[in-house]
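Asks: Give me a model of this one.
(chains A and B)
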2 protein chains.
Amino acid sequence: MIRVALDVMGGDHAPREILYGARRALRERPDLFLLLVGPEEVLRKFPSHERVEKVLTPEWVEMEEAPGEALRKKPRASIRVALELVKEGRAQAVVSAGNSGVTFGAALLTLGRLPGVLRPAIATILPTLRRPAVLVDAGANVDCKPVHLLQFALMGTLFSERVLGLKRPRVGLLSIGEEGGKGNFLVKRAHALLAEGPFNFVGNVEGQHIFFGEAEVIVCDGFVGNICLKVSEGVAEALAQMLKREVRRDPLALLGFSLARRALSRFRRKVDWREYGGAPLLGVNGVVIIGHGRSDARAVKNALLTAQRFVETGLVEKLRACLSRGKPEDRKVVS
Amino acid sequence: MIRVALDVMGGDHAPREILYGARRALRERPDLFLLLVGPEEVLRKFPSHERVEKVLTPEWVEMEEAPGEALRKKPRASIRVALELVKEGRAQAVVSAGNSGVTFGAALLTLGRLPGVLRPAIATILPTLRRPAVLVDAGANVDCKPVHLLQFALMGTLFSERVLGLKRPRVGLLSIGEEGGKGNFLVKRAHALLAEGPFNFVGNVEGQHIFFGEAEVIVCDGFVGNICLKVSEGVAEALAQMLKREVRRDPLALLGFSLARRALSRFRRKVDWREYGGAPLLGVNGVVIIGHGRSDARAVKNALLTAQRFVETGLVEKLRACLSRGKPEDRKVVS
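Replies: Okay, here's the model as predicted:
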């Protein structure tokens, strides 16, 4: 039985979609135990269940609150209580679709970093034409040094191997040209460091190649990574809207699209970010899954399953072993 | 009559598509005069035309050559000869779909910067759900200071107003959150500077909003800008391929898509980068349009028309007036 704490107040569609997601996960996984964290008036409505414990707290953080202030002023916020359950050993993982800056800050405060980790990072899983790719960092660290990128590469590799089950994932450094000399100051210096790293480094990867699956671990600083993700979302949505406009103006096309309905929905499922539901925070001392702010029930369910898989694979212990300063063969990773 | 020099050896599909594009532009615009620059054996085949002058040179730069070396070793390369035609006053603009690093370097060497301009930048025009947007810098300057972004904003505004004909274009600073405090070190400092700039600054813009047309001038450093463009291209192409896969597996969907053919091709035209064909280099002392490496005849034709429009609007003179140190009201822009 894996015990996951769920912040029911986090997300644009909280608490409704979060609770629906919880129910779906419980139905799908008989070996999942949920600790639902939120205010009494919300949790009261959730039916009793043998694999559910309700943990009551009167506070929560809104999506638009400034992380620093929210963390100072709301010590009993649902996300913090959920993280404390992990610290106390009552839960093995936390899932929240709330304010990601707050989740990140609260995780650092409550669980702390793994020994040797300089900067925990957000790993987002992307669908590609081949194997799924993981992009690290997706937004936690906006200004990075080369050694941070080196650690992102190592953590991303272990995540890809253990949780996504990929063999020898290729690590690519996101840049603006394939040659090692291409990129900004940070990337040029990081290239030399990654080339020496204990993973399968394949050099620079350009933006247009990410979704063609040319590497399974995409390494970049959190500013570039976050822009990259949001641009991808925006392009996909804008294209869908432009296409809809054209199809609506043309009765023949409308008919055509209704014939293609099944293929279209298979397509949509394949490119849907909700398929993975959450982005793990790598490098903290515990399993923390950050859900997309727009998470619906399906996304929440998938984030809970990702959390469960993360715990089962023992990735945190593996990360601890690989990144701690104690092991001489990994020393260069943290120098 | 506007006289444009065209580097017939630049681009993945040079010289064939470049020459086809030249013919199409000549047919479409009776007030366009072309100076075709390339080797004798290539230009020999191009039929004589009263609005064409052939400028012969034996050298050219390949797409994958390193810019520094190519510039040193090939003083008679077609792109350099084309730029010299502008310097000598024999042409008013240059178009090349060749190696963009070489075009950028050669333009700096041959034409130089406009007075007061710290860093010339590449402006790429993007289709959006509303008015077209221009992204500056799209790849010329990978490491920037806040004052560079300020100049990009000003140059982008003038381009948007003069060449694209937009009124009071909104300037957005590309970042990872809408509040001014969000972003990396560069962007946070640039935000304060842009807020004081002589243009319509609307604050930060996030990646997912670019294609929804939330600003007409998107400002960022060249590393982020180039990744942003390439990710957009990659997402669109990967989505198209994934969709094709699903449709091919399903006869009903295949039929449906053939019914929707017209709407699909209207859609494709709207989102096609070839619609603009080229990205102007802003801040050099002349009109230089950098074509996409993959340019076909249509892209080349459109790049030539963009060059012509650029010359007609007198944008270089306007940029000179606004950015030179001489004018006290603009002094803060270059400080």
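Asks: what about A:G314, neighbour count?
Replies: 12 (other Cβ atoms under 10 Å in any protein chain shown). Where you see a C-beta, it was placed from the backbone N, CA and C, and this is true even at glycine.
Asks: Give me the pLDDT value at the residue nearest the centre of chain A.
Replies: The residue lying closest to the centre of chain A (Cα atoms, centre = their mean) is A:A279, at 0.6 Å. Per-residue confidence at A:A279 stands at 93 (pLDDT).
Asks: So it belongs to a strand, correct?
Replies: Yes: under DSSP: H, G, I helix; E, B strand; the rest coil, A:A279 falls within a strand.
Asks: what's near enough to touch it?
Replies: By Cβ atoms under 8 Å, 6 or more residues apart in numbering or on different chains, the contact set of A:A279 is A:I122, A:A123, A:T124, A:I125, A:A138, A:I289, A:I290, A:G291, A:H292.
Asks: What helix or strand is the second one located in?
Replies: Same thing as A:A123. Here A:A123 sits within strand A:121-126, counting by DSSP states H and E.
Asks: Pairing partners for that strand, with directions?
Replies: Within its sheet, strand A:121-126 is paired with strand A:133-136 (antiparallel), strand A:278-282 (antiparallel), according to DSSP bridges.
Asks: if you average pLDDT over the helix or strand that comes right after the shortest one, what comes out?
Replies: Going down the chain from strand A:133-136, the next helix or strand is helix A:146-162, by DSSP H and E. Confidence for helix A:146-162, expressed as mean pLDDT, is 96.
Asks: Alpha carbons of helix A:146-162, as PDB, please.
Replies: What follows is helix A:146-162 as a C-alpha-only set of coordinates in PDB (Å, rounded to 0.1, in the frame of the first residue of the first chain):
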ATOM      1  CA  PRO A 146      26.700  25.000 -15.400                       C
ATOM      2  CA  VAL A 147      27.000  22.700 -12.400                       C
ATOM      3  CA  HIS A 148      23.200  23.000 -11.800                       C
ATOM      4  CA  LEU A 149      22.600  21.900 -15.300                       C
ATOM      5  CA  LEU A 150      24.900  18.900 -14.700                       C
ATOM      6  CA  GLN A 151      22.800  17.900 -11.800                       C
ATOM      7  CA  PHE A 152      19.600  18.300 -13.700                       C
ATOM      8  CA  ALA A 153      21.000  16.000 -16.300                       C
ATOM      9  CA  LEU A 154      21.800  13.300 -13.800                       C
ATOM     10  CA  MET A 155      18.500  13.600 -11.900                       C
ATOM     11  CA  GLY A 156      16.600  13.600 -15.200                       C
ATOM     12  CA  THR A 157      18.400  10.500 -16.300                       C
ATOM     13  CA  LEU A 158      17.600   8.600 -13.100                       C
ATOM     14  CA  PHE A 159      14.000   9.700 -13.400                       C
ATOM     15  CA  SER A 160      13.700   8.600 -17.000                       C
ATOM     16  CA  GLU A 161      15.300   5.200 -16.300                       C
ATOM     17  CA  ARG A 162      13.500   4.400 -13.100                       C
END
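Asks: Most neighbours among the contacts of A:A279, which one is it?
Replies: A:G291 (31 neighbours).
Asks: per-residue confidence at the closest residue to it other than its chain neighbours?
Replies: Computed as Cβ to Cβ, 6 or more residues apart in numbering or on different chains, the closest residue to A:G291 that is not its neighbour in sequence is A:A97, at 3.1 Å. Note on A:A97: pLDDT of 95.
Asks: Once you drop chain neighbours, what's closest to A:G21?
Replies: Per Cβ to Cβ, 6+ apart, closest to A:G21 is A:V300, 2.5 Å.
Asks: what's the closest of the contacts of A:A279 to B:L158?
Replies: Taking Cβ to Cβ as the measure, A:A138 is the one of the contacts of A:A279 closest to B:L158, at 35.2 Å.
Asks: returning to what we had before: can you tell me what sits against the strand holding A:A123?
Replies: Strand A:121-126 has contacts (Cβ under 8 Å, 6+ apart) with A:100, A:104, A:132-141, A:148, A:151-152, A:155-156, A:159, A:164, A:210-211, A:218, A:222, A:225, A:229, A:232, A:276, A:279-283, A:290.
Asks: ranges for the strands of the stretch 201-335 of chain A?
Replies: Under the criterion DSSP state E, counting those that start in this stretch, strands of the stretch 201-335 of chain A are mapped to A:217-219, A:278-282, A:287-291.
Asks: Sketch out the low-pLDDT regions of chain A for me.
Replies: A:273-274, A:325-335 (pLDDT under 70).
Asks: Please repeat the previous calculation with a cut-off of 50.
Replies: Applying pLDDT under 50 to chain A picks out residues A:326-335.
Asks: How is it divided into domains?
Replies: As assigned by automatic domain parsing, chain A contains the domains A:1-117+A:283-335, A:123-273.
Asks: and of the ones you listed, who's closest to B:A236?
Replies: From these, taking Cβ to Cβ, the stretch that ends up closest is domain A:123-273, at 6.0 Å.
Asks: can you pull the contacts of A:S295?
Replies: Contacts of A:S295 (Cβ under 8 Å, 6+ apart): A:G11, A:D12, A:H13, A:E17, A:I18, A:G21, A:A97, A:R274, A:G277, A:G278, A:A303.
Asks: same thing with A:D7?
Replies: So A:D7 contacts A:18, A:37-38, A:60, A:78-79, A:82, A:94-98, A:103 (Cβ under 8 Å, 6+ apart).
Asks: Where helices are concerned, which of those count?
Replies: When DSSP state H is applied, the contacts of A:D7 are split such that A:I18, A:S78, A:I79, A:A82, A:T103 fall in helices.
Asks: Quick one: which of those is the most crowded by neighbours?
Replies: A:A82 (33 neighbours).
Asks: Now for that residue: which residues touch it?
Replies: A:A82 touches A:A5, A:L6, A:D7, A:L35, A:V37, A:V55, A:A91, A:V94, A:S96, counting by Cβ under 8 Å, 6+ apart.
Asks: Need the three-state assignment for the fourth one.
Replies: Looking back up the chat, that one is A:L35. strand.
Asks: Helices of the stretch 151-300 of chain A, start to end?
Replies: A:185-194, A:222-248, A:251-259, A:261-271, A:297-313 (DSSP state H, counting those that start in this stretch).
Asks: For the last one, output the C-alpha coordinates as CSV.
Replies: Same thing as helix A:297-313. Below are the C-alpha coordinates for helix A:297-313, written out as CSV (Å, rounded to 0.1, in the frame of the first residue of the first chain):
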residue,chain,number,x,y,z
ALA,A,297,-10.0,15.0,-12.5
ARG,A,298,-8.1,13.0,-15.2
ALA,A,299,-4.9,15.0,-14.6
VAL,A,300,-5.1,14.6,-10.8
LYS,A,301,-5.7,10.9,-11.1
ASN,A,302,-2.6,10.6,-13.4
ALA,A,303,-0.5,12.8,-11.0
LEU,A,304,-1.5,10.4,-8.2
LEU,A,305,-0.4,7.4,-10.2
THR,A,306,2.9,9.1,-11.1
ALA,A,307,3.4,9.7,-7.4
GLN,A,308,2.7,6.0,-6.6
ARG,A,309,5.1,4.9,-9.4
PHE,A,310,7.8,7.3,-8.1
VAL,A,311,7.5,5.8,-4.6
GLU,A,312,7.6,2.2,-5.8
THR,A,313,10.7,2.7,-7.8
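Asks: buried stuff in it?
Replies: A:297-311, A:313 (16 or more other Cβ atoms under 10 Å in any protein chain shown).
Asks: the inter-axis angle of it versus strand A:121-126?
Replies: 120 degrees (axes from the mean of the first three to the mean of the last three Cα atoms, to 10 degrees).
Asks: Next to chain B in this structure, residues from the stretch 51-200 of chain A, please.
Replies: A:T128, A:L129, A:G139, A:V142, A:D143, A:L174, A:S175, A:I176, A:G183, A:N184, A:F185, A:V187 (Cβ under 8 Å from any Cβ of the partner chain).
Asks: Quick check: the last one touching A:L173?
Replies: Yes: at 6.1 Å, A:V187 counts as touching A:L173 under the criterion of Cβ atoms under 8 Å.
Asks: okay, and the common contacts of those two?
Replies: A:L149, A:N204.
Asks: on that earlier part again, so which of the helices of the stretch 151-300 of chain A gets nearest A:L108?
Replies: Taking the helices of the stretch 151-300 of chain A one by one with Cβ to Cβ, helix A:222-248 is closest: 14.1 Å.
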